[in-house]
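>>> Quick one: sequence and predicted model below, then my questions.
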Amino acid sequence: MREYIRLQLKLKWGYNRNNDKKSAVMTIFASLIAVAIALALVWGLTFVLRSSLEVSAKRLCVLYLTVIMAGLTVASVGMQIKRLYRPGDLLITARFPLTPFQLFVSGLLLNYIDLSICSAILLLPVAVVFGVAMQCFTALYGLGVLLGILLLPMIPFALSVSVAIPVVYAKNFLERYDLVRLILFIVFLVGCFFLYDYILTILARFFIHRNWESGTLEIWDKLLFALDSYYNPAYYLGNVMFFERFWLGAGSLVGAGIVLTAIGVALAKITCNKLRAKALEGGFGASQRKSDIDGYGSARAIFRFGFREILQNKTYFYFYLGVAISTPVMVFFCDRLVEMVGEAQMGSGINFGAAMLTLSVFMAMICSFSASVLSVEGKAFYLSKLVPVPYRKQLAIKCLLYIAVGVVALVISTIVMGCLRFVDAVEITVLVAVQLFFTVGLVFNGINLNLSNPNLKPKANGEVEEINITYMLLIGFAIAAILGATTLIFPRIFEGGAAWAYGASVGIAVVYAVVNMLVFWFGADKKYRRIEI
């Protein structure tokens, strides 16, 4: 069992020379950007609340600890499900010389180790930034942070052991209802984005206008008071970190963690073997759909198959369709925020530029998934070479699929902005024209990138590592920034600048689309023939 745990830890956290170095570099780069944004929010919110409220460092810290513990609980539930109940390497682990109980205990230990590492990665930078912003960074505070890192994973792990079981059954039930899963994910995504927008709006109002909306301070004061109470596990962790009623905090965390874990293990042990056996026998909610594409033309059949391929891939199903459908709502929040910040820095009349910037960013997020159009097929890619349809035609049809999804999100977003009178009729026309060409360029760029770097071989856990999506996000964001800067700056540096902004943005989008379409047209067949599994 010890060797099995060591092997699993090495696979997840160890260094492997065979790993794609480009993928590792891009993953680290994207992670650093995300961490920098999160820490900037922590510093900004801490500075604002410290300046506006009479609040102790411990009470304010409990707010961040609550968020971190909630996030770790969700992550831990995912770990439990993935490793104990629905592991991708189940057929391999079933052949290990270990009893089911030993595998179960090993899975729990591995999950706790993983959660402990994640706890340190999350809490340490947040605590350092918080300590600097709150001006409470002392040697005693540093010792409290180290103790907090040790105790942080206990409650999330203990809760996840029990919570994972009903979540598994709920997931199994929802496997049959794709639409319900998508709706729930969209609601969650929009909710998170609304919260993110709310915090950014608070920071923007404070730093730009130096004022608060009526009642905002009272809401935050009540929230901090409510969180800093006995029913919140983060309250006890805050006691440990700031040495306030230290033994109560440490004892409560350790005692509750042990009791909840014992109860959860007892319940989980009853169902674990049953769930693993079901997965070995036939999987959870295996698809029973019958093929109904017989008699369709080649173009319609490929288009329909490509859409179903997206629905059957969980990552793409959630993050591709979910982002596409929720884009209009998120564009509205972003436009409002960018307009507020922009008016303070550049004056009024920046709605068109704000709309161009935010819409371009979300179109880049949607269309970046075109960079996985081949990789998503994995080992089944060879079937596309047997289909009696020219390679370029197959790819062109898939391009239309990704363009269609982007266009639907674009049309709804522009309708929302028009109804809210955020932009006028002429600006809407230019927006639609620019974003149509931008979408076409993004989709063909993504497919060209995937043709050059197919990534058809799965990793050890059976998943495909798709770095091309990250590349396309960076490319899309760069062009979105150029479009946004053009439409924001040109009206202020040229006489009749609006016309210059319209022409320049359309020109950039058209050139981008045409170049990538030509690269696709003259190079797709040749690159496709070279691809082998």
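Okay, I see it.
>>> Run a quick neighbour tally on Val426.
11 (other Cβ atoms under 10 Å). Heads up, the C-betas are built off the backbone N, CA and C, glycines and all.
>>> cool, Asp114 as well?
Asp114, neighbours per other Cβ under 10 Å, totals 20.
>>> Gln80 versus that one, what's the distance?
From Asp114 over to Gln80 the distance is 11 Å, taken as Cβ to Cβ, to the nearest Å.
>>> which residues of the stretch 1-150 of the chain score low on pLDDT?
The stretch 1-150 of the chain contains residues with pLDDT under 70 at 1-27, 30, 85-102.
>>> Same question for the stretch 351-500 of the chain.
Along the stretch 351-500 of the chain, segments meeting pLDDT under 70 span 378-388, 455-466, 494-497.
>>> Repeat the analysis, applying 90 as the threshold.
351-428, 431, 446-474, 481, 484-500 (pLDDT under 90).
>>> Which stretches in the stretch 101-250 of the chain count as helices?
In the stretch 101-250 of the chain, the helices defined using DSSP state H, counting those that start in this stretch lie at 139-151, 154-174, 178-204, 216-227, 233-241, 246-281.
>>> among these, which is nearest Val511?
Val511 lies closest to helix 178-204 among the helices of the stretch 101-250 of the chain, at 31.8 Å (Cβ to Cβ).
>>> Distance to Val515 and mean neighbour count added to the helices of the stretch 101-250 of the chain, as CSV?
CSV is the format used below for the helices of the stretch 101-250 of the chain (distance: least, Cβ to Cβ, whole Å; neighbours: other Cβ atoms under 10 Å):
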stretch, distance to Val515, mean neighbour count
helix 139-151, 50, 16
helix 154-174, 43, 20
helix 178-204, 33, 14
helix 216-227, 48, 14
helix 233-241, 52, 25
helix 246-281, 47, 15
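>>> Switch the ones you listed over to CSV; also include distance to Gly446.
As requested, these are exported to CSV (distance: least, Cβ to Cβ, whole Å):
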stretch, distance to Gly446
helix 139-151, 40
helix 154-174, 30
helix 178-204, 22
helix 216-227, 42
helix 233-241, 42
helix 246-281, 34
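>>> weakest of those by average pLDDT?
Looking at the helices of the stretch 101-250 of the chain, the lowest mean pLDDT belongs to helix 178-204 (a mean of 70).
>>> closest to Tyr64 out of the helices of the stretch 101-250 of the chain?
helix 233-241 (8.4 Å).
>>> Give the other helices and strands that that closest one contacts.
helix 57-80, helix 139-151, helix 246-281 (3 or more Cβ pairs under 8 Å, 6 or more residues apart in numbering; DSSP states H and E).
>>> and the shortest one with helix 233-241, angle?
Which is helix 139-151. 140 degrees (axes from the mean of the first three to the mean of the last three Cα atoms, to 10 degrees).
>>> what helices or strands is helix 139-151 leaning on?
Using 3+ Cβ pairs under 8 Å, 6+ apart, helix 139-151 is in contact with helix 100-134, helix 233-241, helix 246-281.
>>> Can you tell me which of these is nearest to Arg421?
Arg421 lies closest, by Cβ to Cβ, to one member of the helices and strands packed on helix 139-151: helix 100-134, at 38.9 Å.
>>> And that closest one, what's buried?
Residues of helix 100-134 classed as buried by neighbour count (16 or more other Cβ atoms under 10 Å): 103-116, 118-120, 122-123, 126-131, 133-134.
>>> picking up where we left off before, any chance of the helices and strands packed on helix 233-241 in a markdown table, with distance to Leu374 too?
What follows is the helices and strands packed on helix 233-241, written out as a markdown table (distance: least, Cβ to Cβ, whole Å):
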| stretch | distance to Leu374 |
| --- | --- |
| helix 57-80 | 28 |
| helix 139-151 | 42 |
| helix 246-281 | 29 |
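>>> of all these, which lies closest to Val519?
Counting by Cβ to Cβ, Val519 lies closest to helix 57-80 out of the helices and strands packed on helix 233-241; the figure is 39.0 Å.
>>> What residues of the closest one count as buried?
Buried residues in helix 57-80 (16+ other Cβ under 10 Å): 57-69, 72-73, 75-77, 79-80.
>>> so how many other residues sit close to Asn232?
16.
>>> ok, now how distant is the nearest residue to it once chain neighbours are set aside from Leu473?
Nearest residue to Asn232, sequence neighbours excluded (Cβ to Cβ, 6 or more residues apart in numbering): Thr66, at 6.2 Å. Look at Thr66 and Leu473: by Cβ to Cβ, they are 30 Å apart.
>>> same thing with Thr439?
Taking Cβ to Cβ, one finds Thr439 at 15 Å from Leu473.
>>> With neighbour numbers in mind, choose between those two.
Comparing Thr439 with Leu473 by other Cβ under 10 Å, the one with more neighbours is Thr439, at 26 against 19.
>>> In this structure the more buried one contacts Ala404, no?
No. Using Cβ atoms under 8 Å, Thr439 is not in contact with Ala404; the gap is 9.7 Å.
>>> how about the nearest residue to Ala250, chain neighbours excluded?
Here the residue nearest Ala250, using Cβ to Cβ, 6+ apart, is Val240, at 5.3 Å.
>>> Tell me who's in contact with that neighbour.
144, 147-148, 151, 246, 249-250, 253 (Cβ atoms under 8 Å, 6 or more residues apart in numbering).
>>> Could you single out the nearest of these to Val180?
Closest to Val180, out of all of the contacts of Val240 and judged by Cβ to Cβ, is Leu253, at 36.6 Å.
>>> Please verify my assumption that the closest one contacts Ile155.
Yes. Contact status for Leu253 versus Ile155: in contact at 6.4 Å, counting by Cβ under 8 Å.
>>> where do the contact lists of these two overlap?
With Cβ under 8 Å, 6+ apart as the test, Leu253 and Ile155 both reach Pro233.
>>> Can you tell me how far the nearest residue to Met154 once chain neighbours are set aside is from Ile113?
Residue nearest to Met154 in three dimensions, not counting chain neighbours: Gly257, with 3.4 Å by Cβ to Cβ, 6+ apart. Separation of Gly257 from Ile113 (Cβ to Cβ): 15 Å.
>>> Let me see the backbone angles for Phe242.
phi -110, psi 10 (degrees, to the nearest 10).
>>> What count of nearby residues applies to it?
22.
>>> tell me the contacts of the spatially closest residue to it that is not a sequence neighbour?
Excluding the flanking residues, the one nearest Phe242 by Cβ to Cβ, 6+ apart is Lys58, at 4.1 Å. Neighbour list for Lys58: 228, 238-239, 241-242, 244 [criterion: Cβ under 8 Å, 6+ apart].
>>> swap in Leu260?
Counted by Cβ under 8 Å, 6+ apart, Leu260 has contacts 155, 158-159, 161-162.
>>> Would you mind measuring from it to Tyr231?
Computed as Cβ to Cβ, the Leu260 to Tyr231 distance reads 15 Å.
>>> try Phe130
Look at Phe130 and Tyr231: by Cβ to Cβ, they are 23 Å apart.
>>> Leu39 too?
29 Å.
>>> By neighbour count, which bits of the host helix or strand of Tyr502 are buried? Give me those.
Per DSSP states H and E, Tyr502 falls inside helix 497-530. By neighbour count on 16+ other Cβ under 10 Å, the buried set for helix 497-530 is 498, 500-502, 504-506, 508-510, 512-513, 516-517, 519-520, 524, 527-528.
>>> wait, doesn't Met356 sit right on Ser505?
Yes. In terms of Cβ under 8 Å, Met356 counts as a neighbour of Ser505; the distance is 6.5 Å.
>>> For those two, list the residues in contact with both.
Joint contacts of Met356 and Ser505 (Cβ under 8 Å, 6+ apart) are 434, 483, 487.
>>> so what's the first one up against?
Contacts were defined as Cβ under 8 Å, 6+ apart; by that measure Val434 touches 356, 360, 483, 505-506, 508-509.
>>> With the last one instead?
Residues touching Thr487, when contacts are defined by Cβ under 8 Å, 6+ apart, comprise 352-353, 356-357, 501, 504-505.
>>> In these, find the pair that's most separated.
Pairwise over the contacts of Thr487, using Cβ to Cβ, the maximum falls at Leu357 and Ala504, 14.1 Å.
>>> To Ala478, which of the helices and strands packed on helix 139-151 lies closest?
Across the helices and strands packed on helix 139-151, closest to Ala478 is helix 100-134 (Cβ to Cβ), at 26.8 Å.
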